[in-house]
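In: 3D, please:
(3 chains)
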Amino acid sequence: MPHTLSEIAASLGLEVQGDGSLLIDAVAEPAQAGSHDLALAMKPEFAQGLKDGSAQAAMMWTGADWQAHGLKGAILATRPRYAMAGLSAMMDQGQGYAKEIHPSAVIDPTARIGSDVSIGPLTFIGPNAVIADGCVIGPQVHIGWNAQIGAQSILHAGVKIGAGVRIGQRFIAQPGAVVGADGFSFVTPEPSAVEKARASLGDEGTDEETAQSWARIHSLGGVRIGDDVELGAGSCIDRGTVRDTQVGHGCKFDNLVQIGHNVVIGNDCLICAQVGVAGSTRIGNNVVLGGQSGVSDNLVVGDRAILGGASVVLSNVPAGRVMLGYPAIKMDNHVESYKGLRRLPRLFRDVAALKKAVSKLNGND
Amino acid sequence: MPHTLSEIAASLGLEVQGDGSLLIDAVAEPAQAGSHDLALAMKPEFAQGLKDGSAQAAMMWTGADWQAHGLKGAILATRPRYAMAGLSAMMDQGQGYAKEIHPSAVIDPTARIGSDVSIGPLTFIGPNAVIADGCVIGPQVHIGWNAQIGAQSILHAGVKIGAGVRIGQRFIAQPGAVVGADGFSFVTPEPSAVEKARASLGDEGTDEETAQSWARIHSLGGVRIGDDVELGAGSCIDRGTVRDTQVGHGCKFDNLVQIGHNVVIGNDCLICAQVGVAGSTRIGNNVVLGGQSGVSDNLVVGDRAILGGASVVLSNVPAGRVMLGYPAIKMDNHVESYKGLRRLPRLFRDVAALKKAVSKLNGND
Amino acid sequence: MPHTLSEIAASLGLEVQGDGSLLIDAVAEPAQAGSHDLALAMKPEFAQGLKDGSAQAAMMWTGADWQAHGLKGAILATRPRYAMAGLSAMMDQGQGYAKEIHPSAVIDPTARIGSDVSIGPLTFIGPNAVIADGCVIGPQVHIGWNAQIGAQSILHAGVKIGAGVRIGQRFIAQPGAVVGADGFSFVTPEPSAVEKARASLGDEGTDEETAQSWARIHSLGGVRIGDDVELGAGSCIDRGTVRDTQVGHGCKFDNLVQIGHNVVIGNDCLICAQVGVAGSTRIGNNVVLGGQSGVSDNLVVGDRAILGGASVVLSNVPAGRVMLGYPAIKMDNHVESYKGLRRLPRLFRDVAALKKAVSKLNGND
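Out: Predicted structure coming up:
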């Protein structure tokens, strides 16, 4: 459905320059843009591509000389990357799910389904589940016994929501995400080798006699998730042991993330792909966990902390701290240590030369 | 379904003190416990919370002064964490799957289904599959051709079991777990760059001429899993190339774990979230692999070895060894090396000062 | 279905020696091989196992003395590992999917299904999707609106293909793989703490006032995948923001791999289990990414580069480079640095002794 350039600018609260009546079908990168695309030339280096495409209009930065690029109109934004949020929402064609409750879906008669809810083929909604107004439930989804899904949520194909999980409004779950699997909690009859190794910091105390089997601790808690949370494909948030695992408002999780039992996460955190947070750890507000990073169990990560990609946190992190490495330390200390590591071979040579020189001074030659 | 305090204690083989007739509906953390909850005050620091809740009964440690906390009764345990296994099993309300074979499930007529088996909506059981007595198969599960599932197993929503996989009794699989995907085995017509880099330890032998395409080696083996194994959400155990991939009895796998083709794992191992074990590696009994740790291919990890979180094992690990780091080394050596790494900047300054002093002694100033 | 030894050799283009009329049912490891198995004795050390089995025929290396092992016939190959590709394809019995379109599958009337396509139970094919000739679509698969699957592809149980994804011929997807989930792209109204930390290399500039919520950038691009690509269980390839995420021909991905939005991957890459490639990174041709390795966003990895297992790439990688470590550096430099790290405690002792000796030479004792 085409929009005029002026309509797009108005909906984004931005300034249009030039011909506001240009019809726009879609957005495109400058070099690939056709005559009915809005070219995304957000930075001077991106604008170089305009000459290879045939865009007549572009989104550009404040003060950009759009006429010099041969355009007929432009939308100018002080922070074009932020404008992309509204623009992309406007242009998104979605997954094409039908606006219906598909006859192949299995819906328990005790489930309560709100108004304007669509439910895809081959989905199963369990007993007493509550799906609030305006939700889009994709195909092959499972929503368990007593689970609650807030209004305007979108659950894509194959998402699995366990029994009793409570989720806020505008939740988005990508295909295959799992909320409310059992926590990983096992115990041995006598203190285990792991408990001993932690107590002794690695003393090799394990022998054949202490080998034991693992007894399961069942997860009696659930999962509680705030509003405006997004969960990536294949990501997992486990239920708590006694109390609920909790995620605050506005948190965004990328794909293949693992959140262990009893974890508590604040608001507005950004959890990148393949991150793991082990059981009972508490993560503050506005925390960023870089891709493949990990946080050990029973720790506290303060508000606004940032973990660099693949960092591994083995101790508490103060608020606002930027961490890197394995084990993760303050980013600038890490950078300094690794510079040293690279220069180690030279240091070994220097020390060898010094030993020789000192030996000579001592008359040992 | 409420139990009396005495009934709970008896079923756990533990001692009850005070009013054994108290009715208990559920368990709770001390500060959140209501008057019909059993508060879990397993340690003195947890017991502090009792004053904020309204529990009349608690599970506590041997010798705990439960009366001083205003309780009417208590169950005392010498190892309360272990008692949680039995207690949580007793209190678990499960996923609410119906005790039936749902009419929407597709069951091949050649599949053999035991007695007391329930099968969820939209599940598909393939030809000649065998589901033993007492199994609970959740919704949207797939059990492939010729696969066998042992008695009393529970397969949660969306689990996928491949053709010919053989699994023991009391298996538990969390949502989205996959057993029996094809192994990752590819070969180039001529020795590949990887084979050369391994042989030369990184000599840069690859050039444009040696670039080749990958031919697939099909997985002809299956997967064989013992009794009492649990597999986490989204975890994968691949089939073997010629022989079966094997997992012993009592192993517990957390979420998003990857077990490659031909791997052999012993009994009673604990494999934490996001661990990867590469092809043809052998893991002994009672091994613990910490979260996000990895083991390279074709290695041997001895009995009772423990890998710290995010450790990466690139060579064989002897029995009983506690390992940490990348590459993983003995935990105490790792701790010492990293202390040194932190002190490197000071060492560089010391050596610079020494060079100056020696130069002075040599009369070069 | 048995084959004669001669038929197998002919189909592999290899030489048969001895009794070519031997009937072969399956392949086996030498020690487990029965009288109708072809023993895989590809190397002298494997051939040792022949005496423990009862094979009459084996695949062996060129020049192997098969008669000395008591065999009646043998197939000899100059690169037996490569011959396994053809041999295993010949012996693969597959997943036993029925050659039919199962009546429980939900197929949108606008979808176009080629000839010789089989579609498993409880699968959903969306509007305008195109499934080319000869595809095998397993049970509980979802193929989204407008998606295209090339000829002869195999999609195993529970695979999810998003709207508009275009995939080439002979694609293989293992259970639970997800193509075309939304990219992970969020933006704050003002520059975020992460943008600042990157700009300042970790300067602790974040304070409470700058804490912001994340706005979603929708993924308007799709995913485009070439011919002969294989995707492992639970692996995810996200859609692009504006242009498509792209994967070339012949790439093989193991399980639980994460490929971010806008990533471009060349031809014939081998991406091992649990690898993560962050958004907008470009990977060349014939690149090998070892298990659990990661590549940060917006980087370039040159052709034929190799990352060792669990390496983490934080900067561009030149063509042909073998990398190891976190952060990843040239493999030989990494090995040298880590040798130094192990020898650090000794270096500290040497420097302490030198300080003492120099102090003595200066008359300070």
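In: CA only for contacts and neighbour counts going forward, please
Out: Will do.
In: in the least confident helix or strand in chain A by mean pLDDT, which residues are buried?
Out: When each helix and strand of chain A is scored by mean pLDDT, DSSP states H and E, helix A:193-200 comes last, with a mean of 72. Neighbour-count burial for helix A:193-200 flags A:193, A:194, A:197 (criterion: 16 or more other C-alpha atoms under 10 Å in any protein chain shown).
In: and what of stretch A:255-268?
Out: So, applying 16+ other C-alpha under 10 Å, buried residues of stretch A:255-268: A:255-268.
In: ok, back up a step: what's the first helix or strand after the least confident helix or strand of chain A?
Out: Per DSSP states H and E, the first helix or strand lying C-terminal to helix A:193-200 is strand A:215-216.
In: now tell me what touches that next one from outside.
Out: With C-alpha atoms under 8 Å, 6 or more residues apart in numbering or on different chains as the test, strand A:215-216 has contacts from A:185, A:186, A:187, A:188, A:189, B:82, B:85.
In: give me the nearest residue to the fourth one, chain neighbours excluded.
Out: I take that to be residue A:188. Leaving out its chain neighbours, the residue that sits closest to residue A:188 by C-alpha to C-alpha, 6 or more residues apart in numbering or on different chains is residue A:214, at 5.0 Å.
In: if I look at the one you found, how far off is residue C:102?
Out: 42 Å (C-alpha to C-alpha, to the nearest Å).
In: for residue A:142, same thing?
Out: 22 Å.
In: got it, and residue A:251?
Out: Per C-alpha to C-alpha, residue A:251 is found 41 Å from residue C:102.
In: more neighbours: the two, which one.
Out: residue A:251 (27 against 17; other C-alpha atoms under 10 Å in any protein chain shown).
In: quick check: pLDDT value at that one.
Out: Looking at residue A:251, its pLDDT is 98.
In: also the one 4 residues further on?
Out: According to the prediction, residue A:255 has pLDDT 98.
In: show me what contacts it?
Out: Residue A:255 neighbours (C-alpha under 8 Å, 6+ apart): A:231, A:232, A:233, A:234, A:235, A:272, A:273, A:274, C:236, C:258.
In: chain neighbours aside, what residue packs nearest to it?
Out: residue A:232 (4.0 Å).
In: can you report phi and psi for the residue nearest to residue A:21 when sequence neighbours are not counted?
Out: Of all residues not flanking residue A:21 in the chain, residue A:4 sits nearest, at 5.3 Å (C-alpha to C-alpha, 6+ apart). Per-residue torsions, residue A:4: phi -80, psi 160 (degrees, to the nearest 10).
In: shouldn't residue A:4 be in contact with residue A:26?
Out: No. Using C-alpha atoms under 8 Å, residue A:4 is not in contact with residue A:26, being 11.0 Å away.
In: and the closest residue to chain C within the stretch 1-150 of chain A, what element?
Out: Going by C-alpha to the nearest C-alpha, chain C is nearest to residue A:85 of the stretch 1-150 of chain A, at 4.3 Å. Residue A:85 belongs to helix A:80-91 when assigned by DSSP H and E.
In: so after that helix, what's the next helix or strand?
Out: Taking DSSP H and E, what comes next after helix A:80-91 is strand A:106-107.
In: for that following strand, what is the average pLDDT?
Out: So the average pLDDT for strand A:106-107 ends up being 98.
In: which element is encountered next along the chain beyond it?
Out: Under the assignment DSSP H and E, the closest C-terminal helix or strand after strand A:106-107 is strand A:112-113.
In: most neighbours, which of the contacts of residue A:255?
Out: residue A:233 (35 neighbours).
In: is that one located within a strand, as I assumed?
Out: No. Read with DSSP: H, G, I helix; E, B strand; the rest coil, residue A:233 is coil and lies in no strand.
In: so how far is residue C:55 from it?
Out: Counting by C-alpha to C-alpha, the gap from residue A:233 to residue C:55 is 47 Å.
In: before we move on, what about residue A:11?
Out: Relative to residue C:55, and taking C-alpha to C-alpha, residue A:11 is found at 75 Å.
In: neighbour-wise, which of the two wins?
Out: A count of neighbours by other C-alpha under 10 Å puts residue C:55 above the other of residue A:11 and residue C:55, at 28 against 11.
In: tell me who's in contact with the spatially most central residue of chain A.
Out: Residue closest to the mean C-alpha point of chain A, counted by C-alpha atoms, centre = their mean, is residue A:253 at 2.4 Å. Applying C-alpha under 8 Å, 6+ apart to residue A:253 gives the contacts A:229, A:230, A:231, A:232, A:235, A:270, A:271, A:272, A:273.
In: can you list these in a markdown table and add pLDDT?
Out: Shown next, in a markdown table, are those (pLDDT from 0 to 100):
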| residue | pLDDT |
| --- | --- |
| A:229 | 98 |
| A:230 | 98 |
| A:231 | 98 |
| A:232 | 98 |
| A:235 | 98 |
| A:270 | 97 |
| A:271 | 98 |
| A:272 | 98 |
| A:273 | 98 |
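In: would you point out the most distant pair within those?
Out: Spatial extent of the contacts of residue A:253 (C-alpha to C-alpha) is set by the pair A:229 and A:273 at 15.1 Å.
In: per-residue pLDDT, residue A:181?
Out: So residue A:181 comes in at 98 (pLDDT).
In: that one against residue B:176, yeah?
Out: No. Applying C-alpha under 8 Å as the test, residue A:181 and residue B:176 come out as separate, 9.7 Å apart.
In: anything in contact with each of the two?
Out: Counting by C-alpha under 8 Å, 6+ apart, the shared contacts of residue A:181 and residue B:176 are residue B:233.
In: redo the buried residues of helix A:193-200 as TSV? Include distance to residue A:283.
Out: Shown next, in TSV, are the buried residues of helix A:193-200 (distance: C-alpha to C-alpha, whole Å):
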residue	distance to residue A:283
A:193	28
A:194	24
A:197	26
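In: adding distance to chain C, write those residues out as TSV.
Out: Formatted as TSV, the buried residues of helix A:193-200 follow (distance: C-alpha to the nearest C-alpha, whole Å):
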residue	distance to chain C
A:193	26
A:194	24
A:197	22
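In: so which of those also contact chain B?
Out: Restricting those to those near chain B by C-alpha under 8 Å from any C-alpha of the partner chain leaves A:193, A:194, A:197.
In: and the first one, how far is that from residue B:306?
Out: Shown here: residue A:193 relative to residue B:306, a distance of 8 Å by C-alpha to C-alpha.
In: give me the low-pLDDT residue ranges for the stretch 51-200 of chain A?
Out: Applying pLDDT under 70 to the stretch 51-200 of chain A flags the ranges A:199-200.
In: residue numbers of it in contact with chain C?
Out: A:79, A:81-82, A:84-86, A:88-89, A:91-97, A:104, A:121-122, A:139-140, A:157-158, A:174-176.
In: which ones, among the residues you listed, also lie beside chain B?
Out: A:122, A:140, A:158, A:176.
In: closest one of the contacts of strand A:215-216 to chain C?
Out: So of the contacts of strand A:215-216, ranked by how close each gets to chain C (C-alpha to the nearest C-alpha), first place is residue A:185, at 22.9 Å.
In: tally of neighbours for the residue in chain A positioned nearest to chain B?
Out: The nearest approach of chain A to chain B comes at residue A:217, 4.3 Å away (C-alpha to the nearest C-alpha). Neighbourhood size, residue A:217 [other C-alpha under 10 Å]: 23.
In: any idea what sits nearest it, other than its immediate chain neighbours?
Out: Nearest non-adjacent residue to residue A:217, counting by C-alpha to C-alpha, 6+ apart: residue B:85, 4.3 Å away.
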